[in-house]
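1. sequence and computational prediction follow.
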Amino acid sequence: MAYPNRYEIEIGSPIGPKTSGGQNSLLGAFSSFISPLGQGAKPGSLRSIQLRAEAVGLPGRNIETQPDNNVYGPIRNVASGVNFAEDLNITFQCGSELQERKFFENWQTTIYDVETWNMNYYNEYIGSISIFLLDRQDKRRYGLKCLEVFPKTVGSIELGHSLNSSYATCQVGFVFRNWEPLDIARQKKNILGNVKETVIDHVERNILKNIPSVLKKLF
């Protein structure tokens, strides 16, 4: 059986435009979010943001059709194209400093120049998002990778005095060009190259799973 509450995501951030010195301008914008391997899910790190994905949907695919009128009898619909029309919406739990929201706000500022309002090149602001379905042993059983992704909408965060028993969440709407299935069986053959990352992710998921909800609000 597949369980919709057992999943994880991986975010591939964009490369960003180059500066006059040839350096990646995103190094400064995203350096505070990248947690080196072995340091765990520090609050506000990219690893922590990925683990805080509270809700996500597996995107679908649609085959476009058009009628073939060159036949007698009932009209036949033939395939004319393929699209991945809907946006990818992910809801993130927010820490006390809203680092999750800041990450995607920074990503959006790579799409345009904040001083001139000119749009940057497409390849400079697109990234990727992979979604994996897990079994009860936290092993990946199905996965897909959304390509040419960027955050179109960073949603509002509702505030209110009556919300004292809840925590803040932020929904981010991503657009993407297409997705491709990930061959989980083939990835297992390369596990030696990713064994440290796999063990750390497994431990972090179990730790977060066992933290009482009231304590999660403190992170």
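-> Perfect, I can see it now.
2. who's in contact with Ser165?
-> Under the criterion of CB atoms under 8 Å, 6 or more residues apart in numbering, Ser165 has no neighbours. Placement of C-beta: from N, CA and C, glycine included.
3. what helix or strand is it on?
-> Ser165 belongs to no helix or strand when assigned by DSSP states H and E.
4. how near is it to Val149?
-> For Ser165, the distance to Val149 (CB to CB, to the nearest Å) stands at 34 Å.
5. same check on Gly160?
-> For Gly160 relative to Val149 (CB to CB), the value is 32 Å.
6. look at the two and report which has more neighbours.
-> More crowded of Gly160 and Val149, by other CB atoms under 10 Å: Val149, with 23 against 7.
7. the more buried one and Asn178 touch, don't they?
-> No. Under the criterion of CB atoms under 8 Å, Val149 is not in contact with Asn178, lying 10.3 Å apart.
8. show me the strands in the protein, by range?
-> 7-12, 53-56, 62-68, 76-83, 88-93, 127-134, 140-154, 169-175, 178-181 (DSSP state E).
9. okay, the second one in PDB with CA atoms only?
-> Included here for strand 53-56 are C-alpha records, laid out as PDB according to Å, rounded to 0.1, in the frame of the first residue of the first chain:
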ATOM      1  CA  ALA A  53       7.200  20.300   3.600                       C
ATOM      2  CA  GLU A  54       3.900  19.800   5.300                       C
ATOM      3  CA  ALA A  55       1.800  19.100   2.200                       C
ATOM      4  CA  VAL A  56       2.700  18.500  -1.500                       C
END
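10. that one packs against which elements?
-> strand 7-12, strand 88-93 (3 or more CB pairs under 8 Å, 6 or more residues apart in numbering; DSSP states H and E).
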